[in-house]
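S.K.: Let's see this in three dimensions:
(chains A and B)
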Amino acid sequence: MIKPGIPKGTRDFGPVVVRKRNYIFQTIRETFEVFGFQPLETPAMENLSTLTGKYGEEGDKLMFKVLNNGEIYNEAHQAKDNKELVSAITEKALRYDLTIPFARYVVMNQHELALPFKRFQMQPVWRADRPQKGRYREFYQCDADVVGSNSLLNEVELLLIYDTVLTKLGLQGYELRINNRKILFGLAEVIGKTELLTDITISIDKLDKIGADGVRKELQERGLTGADIDTIEKFLAIDGSSEEKLAQLKELLQSSSTALKGIEELSFVLNSGYATFHTTPIIDVTLARGLNYYTGMIVEVKAPATVKMGSIGGGGRYDDLTGLFGLPGISGVGISFGVDRIYDVLEELKLFPQTAQQSTKVLFLNLGEASSRAAFSYMMQLRQLGVAAELFHEPAKMDKQMKYADKRAIPYVIILGESELQDNLVSVKNLATGQQEKISGAELISYAF
RNA sequence: GUGGUUGUAGCUCAGUUGGUUAGAGCAUCAGAUUGUGGUUCUGAGGGUCGAGGGUUCGAAACCCUUCAAUCACCCCA
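M.R.: Presented below is the predicted three-dimensional model:
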């Protein structure tokens, strides 16, 4: 006998959990749809060449590769090192995110697509990471992206999507943090070390985790001089209202035209006058985000501080994503929801509504042949009206059947016993209130369950 | 990839410097209750103490190995 189990970092979702997850998916999908985005699905596997090199060195390591079928033994033995081995025996990999497959799709279908193309996609992605709290090896992303438009109005709309969805889900106290890669690039430019852009951003991104001293130490290790670090610390010290932050940025980075462009973009997104938010986006100059392809606005959604979950979503603008696949000059901007983390947050804050947890509304008790025949007929009528109903599978003691309804959280039980059958009535019991009433068959059909 | 913590009933966990037959709560099943659940009472079933090896008269406990879970770092949703 083999011991049943599932791979590390993957999960089964039972009925109750699936319902709650669907509630999140539905909320996100509805919002994407009303904002004018169109659905897209891509395969679980992509060609390895499509994915490698797009997520940095770390990303390549965390990619799940799919072993080729057939005779690979000889090929494997010709490989001289690990890298050759991988390319000899694998040519496919599981999807690592939804953005790169989307870019691939856009390039492949560029002639059929009406630009700007707005698509949403809700599918699982896989990462060979070591699992921990809020981190899984298989998890869902819900992405909305616009390609083929440089308008900053897209940024505004995408922020509004975050605002709309999270408000609908009843979440409060989250933060919508935005920044602009051009500003970070400008900082590196002012220091005169654009080649260290990634090192700088990775370090300052950790400010709230390791503190100012920690950042200073790490910057030193990454090859920044004392003068460089002074400039960076001035940058990190930027504080105040959005207007004040923008003014300070302008002052500090005035010698970089790229930075000024980024500041202007950030300013537009915040002050366009097009939108009002439930939760106002805030400028976070330390926000860097991992994926290297971002070039403009970047955004990250931080879960309410009380739940210690970190990021529940993120996104940004990437000017030349499709260029990697031979279609240069097309700009994209997108956002992503991390459904699995949002689930954990809603669960912890007890924000799932009752309606997200209900399945069958009505259970007909099975009290013998005559009872079950009458019940079955009523049940089918209710089902035709869209009321989820079921009949207990076999005659059993009432006690047992009531317990079943209780455990399944079925709100109504219908009793068709001898006396009901005799009077041509049915007894409807509301399990939440304990109240019970006898009504006619016609009344049952129009009953407000 | 690096480091820490934890593995005892379906679940959450007790278990004395190593000492007789390994316990509790919850859950399950049966009964109290032959037309009424969620409360209560009574009873029952359920364990290779993660696995393998070692120390010992004796191991759930101590040592080694291994597997798994979990948390943190790196990185990320």
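
S.K.: Tell me where the stretch 1-150 of chain A has strands.
M.R.: Ranges of strands in the stretch 1-150 of chain A, per DSSP state E, counting those that start in this stretch, are A:38-39, A:45-47, A:65-67, A:90-94, A:117-126, A:138-147.

S.K.: which one of the ones you listed is the most hemmed in?
M.R.: strand A:138-147 (a mean of 23; mean count of other C-beta atoms under 10 Å). All C-beta spots, glycine's among them, are computed from the backbone N, C-alpha and C.

S.K.: Partner strands of that one and their direction?
M.R.: strand A:117-126 (antiparallel), strand A:332-338 (antiparallel) (DSSP bridges).

S.K.: quick one: which of these is nearest residue A:42?
M.R.: Of all the strands paired with strand A:138-147, it is strand A:117-126 that lies closest to residue A:42, at 7.1 Å by C-beta to C-beta.

S.K.: Could you check the closest one against RNA strand B for contacts?
M.R.: No. Using C-beta under 7 Å from any atom of the strand, strand A:117-126 never reaches RNA strand B; the gap is at least 7.9 Å.

S.K.: gap between that strand and the chain center?
M.R.: Here strand A:117-126 is found 10 Å from its chain centre; the criterion is C-alpha atoms, centre = their mean, to the nearest Å.

S.K.: Could you tell me the angle between it and strand A:90-94?
M.R.: Orientation check (axes from the mean of the first three to the mean of the last three C-alpha atoms, to 10 degrees): strand A:117-126 against strand A:90-94 gives 110 degrees.

S.K.: which residues are contacting stretch A:99-107?
M.R.: Identification of contacts with stretch A:99-107 by C-beta atoms under 8 Å, 6 or more residues apart in numbering yields A:40, A:42-43, A:46, A:50-51, A:54-55, A:95, A:113, A:117, A:119, A:121, A:143, A:145, A:147, A:291, A:318, A:321-322, A:324-327, A:330, A:332, A:334, A:336.

S.K.: List only buried entries from those.
M.R.: Among those, those scoring as buried are A:40, A:46, A:50-51, A:54-55, A:95, A:117, A:119, A:121, A:143, A:145, A:147, A:291, A:318, A:321-322, A:324-325, A:327, A:330, A:332, A:334, A:336 (criterion: 16 or more other C-beta atoms under 10 Å).

S.K.: Tell me the predicted confidence for the residue lying closest to residue A:65 once chain neighbours are set aside.
M.R.: The shortest distance from residue A:65 to any residue other than its chain neighbours is 4.3 Å, reached at residue A:90 (C-beta to C-beta, 6 or more residues apart in numbering). On pLDDT, residue A:90 comes in at 90.

S.K.: from what I can see residue A:90 touches residue A:64, true?
M.R.: No. With contacts defined as C-beta atoms under 8 Å, residue A:90 does not count as touching residue A:64, sitting 9.9 Å away.
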